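Novice: Give the three-dimensional model of this entry:
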Amino acid sequence: MLSPNEVKNVLEAALLSAQRPLPLADMRKLFADDVGFDTLRRLLEEMKEGWQERGVELVNLASGWRFQTRPQYQPYLERLNDDKPPRYSRAVMETLAIIAYRQPVTRGDIEDVRGVVVSQNVIRSLEERGWIDIVGHRETPGRPALYATTKAFLDDLGLRSLQELPPLEDISQTPELFARAEEPAAAASAPDGGEAQGGDARGGDAEGGDAQSGDAQRGDAQSADAQGGDAAAPATAAESAAEPPASS
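Specialist: The predicted model follows:
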């Protein structure tokens with residue numbers, strides 16, 4: 001039987017070498033399920049405290065636990081990387097905010113809030129970044145797709161659930177609110193490159209022929225709060241961030 005310190009060493013090695021956040025269920029596999037969830041939580045919290053004065057931190061995100069660089073050291077690390085992080089237009093970031101705060105929503109719902117047509121390139125940019133996904137279809141004429149945010153979106157914001165999103169009083173706050181999502185803290189093990197989305201990411205709303213009237217959603221875009229139909233629950237709702245039940 002491993003001692004608590006030995007378990008911590010195994011966890012540290014696994015987390016530092018992981019390419020993605022590790023959920024508790026995966027960490028239990030390291031010990032053939034001999035270490036319970038409660039014990040893992042306690043040891044992870046102790047590890048988190050032990051790294052308080054270091055350049056990296058241990059954080060608990062929507063997808064699991066990971067080591068990442070502290071935000072205040074990001075300017076120094078950027079000097080080693082010539083690639084600039086992707087920059088998104090206000091249209092992209094406002095669309096993301098509407099989806100995050102009112103999900104699940106259709107393109108028509110987004111257009112009703114913003115008052116302009118939403119380009120397919122804007123939606124595609126968010127899908128390619130892995131921040132949004134289709135979670136169902138509204139049972140109205142045309143069965144428009146319903147969009148919701150993903151766990152990757154929460155991970156990039158450093159959040160565990162949508163309930164941790166700060167209040168949004170005005171949609172114009174979006175660029176500042178999601179600025180850290182554009183430049184997420186680098187994973188301490190093997191950071192992803194995060195390619196810029198080129199013209200798609202920076203493009204405005206009116207992108208040529210695809211600037212249609214929200215694919216016939218205008219008429220069926222009911223209040224964003226009335227989420228009827230067979231829409232699946234958003235992938236990043238609070239329950240998706242919940243950890244497995246504790247076991248001894």
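
Novice: just the strands in this structure please.
Specialist: 56-60, 65-69, 132-137, 145-149 (DSSP state E).

Novice: for those strands, which one ends up most surrounded?
Specialist: Across these, averaging neighbours per residue (mean count of other CB atoms under 10 Å) puts strand 145-149 on top, at a mean of 24. Quick note: C-beta positions are derived from backbone N, CA and C, even for glycine.

Novice: Okay, angle between that strand and strand 132-137 too, please.
Specialist: Using axes from the mean of the first three to the mean of the last three CA atoms, to 10 degrees, the inter-axis angle of strand 145-149 relative to strand 132-137 is 140 degrees.

Novice: Need the mean per-residue confidence for strand 145-149.
Specialist: Mean pLDDT, strand 145-149: 96.

Novice: Send me that strand as CSV with only the CA atoms.
Specialist: The C-alpha trace of strand 145-149 is given here as CSV (Å, rounded to 0.1, in the frame of the first residue of the first chain):
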residue,chain,number,x,y,z
ALA,A,145,-29.6,23.8,-34.3
LEU,A,146,-29.2,24.7,-30.6
TYR,A,147,-25.7,25.7,-29.5
ALA,A,148,-24.1,25.5,-26.0
THR,A,149,-20.6,25.9,-24.7
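
Novice: Packing partners of it?
Specialist: Secondary-structure packing of strand 145-149 (3 or more CB pairs under 8 Å, 6 or more residues apart in numbering; DSSP states H and E): helix 90-102, strand 132-137.

Novice: And those: which comes nearest residue 56?
Specialist: Evaluated over those, closeness to residue 56 peaks at helix 90-102, with 27.1 Å, by CB to CB.

Novice: sorry, back to before: what's the closest of the helices and strands packed on strand 145-149 to residue 119?
Specialist: Here helix 90-102 is closest among the helices and strands packed on strand 145-149 (CB to CB), at 7.3 Å.

Novice: Buried residues of the closest one, list them for me.
Specialist: In terms of neighbour count (16 or more other CB atoms under 10 Å), helix 90-102 has its buried residues at 91-102.

Novice: need the helix or strand of the protein with the lowest average pLDDT.
Specialist: helix 238-241 (a mean of 34; mean pLDDT, DSSP states H and E).

Novice: So what's the model's average confidence on stretch 112-131?
Specialist: pLDDT averaged over stretch 112-131 gives 93.

Novice: Between the two ends of it, how far is it?
Specialist: End-to-end span of stretch 112-131 (CA to CA, to the nearest Å): 21 Å.

Novice: returning to what we had before: the helices and strands packed on strand 145-149: which one's closest to residue 7?
Specialist: strand 132-137 (35.1 Å).

Novice: Kindly calculate the angle that that closest one makes with helix 90-102.
Specialist: Using the same axes, to 10 degrees: strand 132-137 against helix 90-102 is 50 degrees.

Novice: How is this structure divided into domains?
Specialist: 4-79, 90-237 (automatic domain parsing).

Novice: could you dump the helices and strands packed on strand 145-149 to TSV with distance to residue 158?
Specialist: Output for the helices and strands packed on strand 145-149, formatted as TSV (distance: least, CB to CB, whole Å):
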stretch	distance to residue 158
helix 90-102	14
strand 132-137	18
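
Novice: if we can go back for a sec, between the domains of the chain, which has the poorest average model confidence?
Specialist: Among these, domain 90-237 carries the lowest mean pLDDT (a mean of 70).
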